[in-house]
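Student: Here is my input; please provide its structure:
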Amino acid sequence: MADERATLAGFLDYHRTTFAQKVAGLSTEQLRRRSVEPSSMSLLGMVRHLADVERGWWQAGVAGEDVAPRYYDDTNPDGDFDDVDDADPAVDLAELATQQDLARAVLAAHSLDDTFEHRRQGTTSVRWVLVHLVEEYARHNGHADLLRERIDGATGE
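Tutor: Just a heads-up that it's a prediction; the model follows:
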């Protein structure tokens, strides 16, 4: 039995941990392996995507910091997924862990009722960001489960 904040943060950390398990123990080649054409999705692409999702919502959104995405931009909107052929998984996994730690610090400094202005959807609450990140990770954990099963047959949480 936990309050709303602890429940939401707990579910987000559960999904973060689940994703980490999906990418653990794989080679660089396996992490870069694409799913099924025409998709450019790979586990490494998801690592990069989730790092930018964490960065965008927590640092740029909630904390109001002037930070840009690391892996994509307006001229390359799918760079997080597309540009993995020469990417270093160790660097990208470390970046995801850093962004998750920064996100926890931002969350600790804010109330669920705190708001900020988002460029596309207007006034957005910290509560909404938490729920959205649970949804984002849950969706990508499903993708990761299928990719991991295709790579080496591993399934499960």
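Student: Just give me the neighbour total for residue 34.
Tutor: Residues contacting residue 34 under the criterion other CB atoms under 10 Å number 18. Quick note: C-beta positions are derived from backbone N, CA and C, even for glycine.
Student: That one reaches residue 44, doesn't it?
Tutor: No. Residue 34 lies out of contact with residue 44 (CB atoms under 8 Å); the separation is 9.9 Å.
Student: which stretch of helix or strand covers the residue nearest to the spatial centre of the chain?
Tutor: Taking CA atoms, centre = their mean as the criterion, residue 50 is the residue nearest the geometric centre of the chain, at 2.0 Å. Counting by DSSP states H and E, the element that carries residue 50 is helix 43-54.
Student: Please export the C-alpha coordinates of that helix as PDB.
Tutor: The C-alpha atoms that make up helix 43-54 are tabulated as PDB, following Å, rounded to 0.1, in the frame of the first residue of the first chain:
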ATOM      1  CA  LEU A  43      17.200  -2.500 -29.000                       C
ATOM      2  CA  LEU A  44      20.000   0.000 -29.200                       C
ATOM      3  CA  GLY A  45      17.600   2.400 -31.000                       C
ATOM      4  CA  MET A  46      15.200   2.000 -28.100                       C
ATOM      5  CA  VAL A  47      18.000   2.700 -25.600                       C
ATOM      6  CA  ARG A  48      18.700   6.000 -27.400                       C
ATOM      7  CA  HIS A  49      15.000   6.800 -27.800                       C
ATOM      8  CA  LEU A  50      14.300   6.300 -24.100                       C
ATOM      9  CA  ALA A  51      17.300   8.400 -23.100                       C
ATOM     10  CA  ASP A  52      15.900  11.300 -25.100                       C
ATOM     11  CA  VAL A  53      12.400  10.700 -23.800                       C
ATOM     12  CA  GLU A  54      13.700  10.900 -20.200                       C
END
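Student: tell me which strands and helices the lengthiest helix in the chain is in contact with?
Tutor: Taking residue count as the measure and DSSP state H as the definition, the longest helix of the chain comes out as helix 126-152. With contacts taken as 3 or more CB pairs under 8 Å, 6 or more residues apart in numbering; DSSP states H and E, helix 126-152 sits against helix 4-23, helix 43-54, helix 89-108.
Student: let's see 6 Å
Tutor: In this structure, helix 126-152 makes packing contacts with helix 4-23, helix 43-54, judged by 3 or more CB pairs under 6 Å, 6 or more residues apart in numbering; DSSP states H and E.
Student: Find the one among the ones you listed with the highest mean neighbour count.
Tutor: Per residue and on average, the most neighbours among the helices and strands packed on helix 126-152 fall to helix 43-54, with a mean of 25 (mean count of other CB atoms under 10 Å).
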